[in-house]
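A.B. asks: what's the 3D shape of this:
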Amino acid sequence: MQLNQLRQLGWNNPPVELLVLSACRTALGDEQTELGFAGFAFQAGVKSVLASLWYVSDEGTLALMSEFYQQLKTAPIKAEALRQAQIAMIKGQVRIEQGVLRGSFAFSSKRAGSEAPISPELASMGDRNLAHPYYWAAFTMIGSPW
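C.D. replies: Coordinates of the predicted model:
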């Protein structure tokens with residue numbers, strides 16, 4: 001499928017409230033498609049699109065998305081859920097430690113609401129403080145923040 005064929009998917013009937021594009025550079029386009037895949041999705045009728053502006057790391061994306069979905073449960077608007085997830089990462093509340101992802105999200109392994117197992121590949125990278133903007137700053141909300 002080509003980007004210009006997205007309008008044919010009928011994402012505006014009924015409207016898709018949120019499309020999360022967690023891959024690299026999904027909000028980056030060129031001269032013809034300024035906002036890339038995310039911009040086309042918005043033009044095709046998706047109300048809100050969460051996408052990235054540059055290359056993102058697997059561990060940072062896993063952490064941010066896990067926290068974002070937890071925050072989305074209580075945040076009044078989607079943009080606020082993203083902001084709260086990013087703040088949690090800045091504060092070191094979301095991190096990889098001893099082979100698990102730790103944060104406020106509802107996944108559980110040993111302690112409900114604070115841990116999630118991760119892939120052996122990510123676990124083998126050792127402990128990770130995910131506070132650096134490299135891990136969380138690439139993501140932006142396009143369209144309606146509500």
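A.B. asks: following the longest helix along the chain, which helix or strand comes up?
C.D. replies: Secondary structure of the chain per DSSP state H: the longest helix is helix 58-72. Next along the chain after helix 58-72, taking DSSP states H and E as the criterion, comes helix 78-90.
A.B. asks: and the contacts of the longest helix of the chain?
C.D. replies: Applying Cβ atoms under 8 Å, 6 or more residues apart in numbering, the contact partners of helix 58-72 are 20, 22, 50, 52, 78, 80-82, 84-86, 88-89, 94-96, 101, 103-107, 116, 118, 122, 125, 128, 130, 134-136, 139. Placement of C-beta: from N, CA and C, glycine included.
A.B. asks: where in this protein is pLDDT low?
C.D. replies: The model of the chain has pLDDT under 70 over residues 1-4, 6, 30-34, 106-114.
A.B. asks: how far away is the residue nearest the centre of it from Ala85?
C.D. replies: Centroid-nearest residue in the chain, with Cα atoms, centre = their mean: Met65, separated by 4.1 Å. In this view, Met65 and Ala85 are 8 Å apart by Cβ to Cβ, to the nearest Å.
A.B. asks: equivalent analysis for Val56, please.
C.D. replies: Shown here: Val56 relative to Ala85, a distance of 14 Å by Cβ to Cβ.
A.B. asks: alpha carbons of stretch 17-26, as PDB, please.
C.D. replies: Presented in PDB, the C-alpha positions along stretch 17-26 are these (Å, rounded to 0.1, in the frame of the first residue of the first chain):
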ATOM      1  CA  GLU A  17      -9.600   8.000  17.800                       C
ATOM      2  CA  LEU A  18      -5.900   7.200  18.200                       C
ATOM      3  CA  LEU A  19      -3.400   5.600  15.900                       C
ATOM      4  CA  VAL A  20       0.000   4.800  17.500                       C
ATOM      5  CA  LEU A  21       2.900   4.600  15.100                       C
ATOM      6  CA  SER A  22       5.800   3.500  17.300                       C
ATOM      7  CA  ALA A  23       8.300   2.800  14.500                       C
ATOM      8  CA  CYS A  24      11.100   5.200  13.500                       C
ATOM      9  CA  ARG A  25      10.400   8.500  11.700                       C
ATOM     10  CA  THR A  26       6.700   7.900  11.200                       C
END
